[in-house]
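*Asks:* A structural model of the following input is requested.
(one chain, ligands or ions: 1)
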Amino acid sequence: MWGQPVPTALAPPRAPLVDPFRRAITYLRVSVTDRCDFRCFYCMSEDMTFLPKRDLLTLEELDRVCSVFIERGVRKLRLTGGEPLVRRNIMTLFAGLSRHLASGALDELTLTTNGSQLARFAGELAAHGVRRINVSLDTLDPEKFRRITRWGDFGKVMEGIDAAQAAGLRVKINAVALKDLNEDEIPRLLEWSHGRGMDMTLIEVMPLGEVETQRVDQFLPLSLVRARLGERYTLEDLDERSGGPARYVRVKETGGKLGFITPLTHNFCESCNRVRLTCTGRLYMCLGQEDAADLRTPLRLSEANETLEQAIEEAISRKPKGHDFIIDRRNRPAVARHMSVTGG
Ligand code: SAM
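*Replies:* The predicted structure is shown next:
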């Protein structure tokens with residue numbers, strides 16, 4: 001007698017990643033490319049030098065790092081960039097990562113996009129289990145859109161948003177509040193977003209990387225925007241947090257949600273649950289600090305994941321308490337890298 005078949009052993013639960021301030025790391029953002037088809041003036045300089053393609057992690061390597069993070073407790077994964085949808089064959093990565101949604105190991109697979117390629121990819125994204133996406137859009141005025149993005153085509157973004165909604169994706173509009181540029185337009189953007197069933201989040205401009213203009217000339221404190229909106233609408237505070245830094249209100253008149261991301265006027269680091277991986281395999285433990293860990297070397301050193309996991313653990317043990325962004329006339333960026341490198 002061979003006895004009863006032994007039930008397949010479940011893999012033992014893995015220790016979650018917890019930083020020195022007892023914050024569990026459950027959210028990974030991955031910049032899959034530093035390239036973008038736009039050149040938003042506050043994000044990039046016009047003549048950006050991009051990384052040589054040979055330095056990039058392959059899609060298989062990106063999948064492997066993400067999967068290790070998921071094994072160690074990451075529940076939410078956001079692909080970003082640069083523009084994630086301009087990376088060649090990016091749907092292969094979404095397709096691969098969707099297995100973690102199917103297994104229940106991952107709660108959410110999502111992306112942040114400028115919307116330019118959505119008309120092409122919305123259906124596939126939905127098929128790979130993406131349910132909600134963030135689309136960055138700072139204005140509804142096509143001419144202003146061109147001034148902000150330098151290269152963007154407003155019509156394409158509108159088509160992209162239509163396609164995303166038609167594919168059943170929930171869209172959230174992210175707008176950077178820009179002094180003298182879109183500040184008068186915020187009510188219109190809000191009513192347009194909410195009118196189409198999309199929540200909206202406003203973001204303060206952050207001093208990341210050298211750009212041609214003075215940060216102080218771009219910066220519009222959201223405390224001021226909120227006060228102005230409060231004169232026009234009834235803003236009801238909501239308790240909920242979407243696992244991110246935004247604080248939300250319900251706008252009574254439109255019924256929609258409005259978020260405020262205020263890295264400058266109100267720092268939200270105490271509840272930070274995230275780390276960011278660049279397309280070359282550098283792990284940033286904080287968007288506003290220079291310290292990073294190289295994961296590409298341990299990834300390539302061995303096919304087993306032990307060395308990689310050790311490097312991740314070591315990196316998390318160095319996660320700083322927070323950032324200190326300052327915007328003043330000296331125009332010194334808090335960190336040298338642009339948002340497109342670390343991923344927004
Ligand atoms: N290309 C995608 C997009 O447009 O959403 C993803 C990457 S982009 C860097 C992510 C977000 O970062 C966008 O909403 C963009 O407006 C925002 N962003 C870029 N530079 C920023 C800065 N210096 N301060 C605040 N937000 C910034």
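
*Asks:* for this structure, which segments count as helices?
*Replies:* Here the chain has its helices, by DSSP state H, at 59-71, 90-103, 118-127, 142-149, 154-166, 186-195, 215-218, 222-232, 296-301, 306-316, 339-342.

*Asks:* just the buried residues of the first one, please?
*Replies:* Applying a neighbour-count criterion of 16 or more other CB atoms under 10 Å, one finds 59, 61-70 buried in helix 59-71. For glycine as for every other residue, the C-beta is placed from the backbone atoms N, C-alpha and C.

*Asks:* ok, Glu191 to the ligand distance?
*Replies:* Glu191 sits 20 Å away from the ligand, going by CB to the nearest ligand atom, to the nearest Å.

*Asks:* how many other residues sit next to that residue?
*Replies:* Counted with other CB atoms under 10 Å, residues neighbouring Glu191 total 16.

*Asks:* excluding its backbone neighbours, what's nearest it?
*Replies:* Residue nearest to Glu191 in three dimensions, not counting chain neighbours: Thr254, with 6.0 Å by CB to CB, 6 or more residues apart in numbering.

*Asks:* tell me the spacing between the one you found and the ligand.
*Replies:* 21 Å.

*Asks:* can you verify my assumption that that residue contacts Arg196?
*Replies:* No - counting by CB atoms under 8 Å, Thr254 does not reach Arg196; the two are 10.7 Å apart.

*Asks:* number of residues surrounding Asp237?
*Replies:* So Asp237, with other CB under 10 Å, has 8 neighbours.

*Asks:* okay, now the unreliable bits of this protein?
*Replies:* By pLDDT under 70, the low-scoring segments of the chain are 1-13, 241-244, 266-267, 327-331, 343-344.

*Asks:* which positions in it make contact with the ligand?
*Replies:* 36, 40, 42-43, 80-81, 83, 112-114, 136, 174, 176, 203, 205-206, 208, 339-340, 344 (CB under 6 Å from any ligand atom).

*Asks:* what about the residue nearest to Glu191, how many residues nearby?
*Replies:* Neighbours of Thr254 (other CB under 10 Å): 18.

*Asks:* likewise for the one 10 residues further on?
*Replies:* Applying the criterion other CB under 10 Å, we find 20 residues in the vicinity of Leu264.

*Asks:* end to end on stretch 119-135, go ahead and measure it.
*Replies:* With CA to CA, to the nearest Å as the measure, stretch 119-135 spans 13 Å from end to end.

*Asks:* again but with stretch 319-335, I slipped
*Replies:* Taking CA to CA as the criterion, the two ends of stretch 319-335 lie 16 Å apart.
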